[in-house]
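J.: sequence and predicted structure are below.
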Amino acid sequence: MKLRVKFSKHGAIKFIGHLDVMRYFQKAIRRAGIDIAYTGGFSPHQIMSFAAPLGVGLESNGEYMDIEVNSITSTQEMKDCLNKQMAEGIEVLEVKLLPDNAGNAMASVAAAKYTIRFRKGYEPDFEYTKLLEKFYQQEEIMVTKKTKKSESTFDMKPFIFDCHIESDGAISLTVDASSSGNIKPGLVISAFYAENNKDLNELALLVTREETYTNIGDDTQRELVPLGAIGEDF
């Protein structure tokens, strides 16, 4: 049986990298006594995949991983057993049984929603709450994306699905998070600063990933739903 596990990540554990989080869950699953399935061969490992690696320093309310198990009593009991093994900062929010035809979490990712706040003492020295909508309503937003081996300039606007100011002054941002797009929130805010002739301090942002989405629409109409909406309780 294939299961999708949703979990949150907050506090000091946000500084733990993706590979260590994977190893952490492997150990937690063994300690919880879950009947997880293993690959065959000379070096068997747990059948597990994560939706989208979370950057170091980011918090999240919407992380997902898929696992395969040989048997379970119920998804609720599995959630409770896992939470008994969780360290401070990580909480399993839900466990869903996936249909047989469900794609794996990583391949299903289409978008992610973020809440962005500014660290105390690093707030913008311009009226960002009034200027953000103007920035988002532009026909194109040209940026230069750098990697270790190259850099490229492209229009980022088609990859930003929503951008607005919340009532408390936080920035709500929904962007492409697929393997072909994968826009980082820092890139958007950096472009916003540059538009206003300002430089973004890399320490300024406090970023929380609120949800990770898959697209159940077609090429003409995007329809984003949370990854956790695919599946059911057992």
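T.: Looks like it arrived, so ask away.

J.: show the model's pLDDT score for the closest residue to residue 45 other than its chain neighbours.
T.: Nearest non-adjacent residue to residue 45, counting by Cβ to Cβ, 6 or more residues apart in numbering: residue 39, 5.6 Å away. Where C-beta positions appear, they are placed from N, C-alpha and C, glycine not excepted. According to the prediction, residue 39 has pLDDT 92.

J.: what's the burial count for residue 39?
T.: Using other Cβ atoms under 10 Å, the number of residues around residue 39 comes to 10.

J.: over to residue 64?
T.: Around residue 64 there are 27 residues (other Cβ under 10 Å).

J.: for it, helix, strand, or coil?
T.: For residue 64, the assignment made with DSSP: H, G, I helix; E, B strand; the rest coil gives strand.

J.: show the pLDDT at it.
T.: So residue 64 comes in at 96 (pLDDT).

J.: and what of residue 186?
T.: With respect to pLDDT, residue 186 has a value of 93.

J.: just the residues contacting the worst-scoring helix or strand of the chain on mean pLDDT, thanks.
T.: Sorting the helices and strands of the chain by mean pLDDT, DSSP states H and E puts strand 142-146 at the bottom, at a mean of 83. For strand 142-146, contacts defined as Cβ atoms under 8 Å, 6 or more residues apart in numbering pick out 151, 152, 153, 154, 155, 156, 187, 190, 191.

J.: name the residues linked to the second one by a beta bridge.
T.: Per DSSP bridges, the residues bridged to residue 152 are residue 145.

J.: related to what we said a few turns ago, out of the contacts of strand 142-146, which comes closest to residue 133?
T.: Taking Cβ to Cβ as the measure, residue 133 sits nearest to residue 191 out of the contacts of strand 142-146, at 14.7 Å.

J.: hang on, that closest one in a strand?
T.: No: counting by three-state DSSP, residue 191 is not found in a strand; it is helix.

J.: returning to what we had before: list the buried residues of the least confident helix or strand of the chain.
T.: residue 143 (16 or more other Cβ atoms under 10 Å).

J.: ok, now stretch 212-232?
T.: Across stretch 212-232, burial judged by 16+ other Cβ under 10 Å covers 212, 213, 214, 215, 224, 227, 228, 230, 231.
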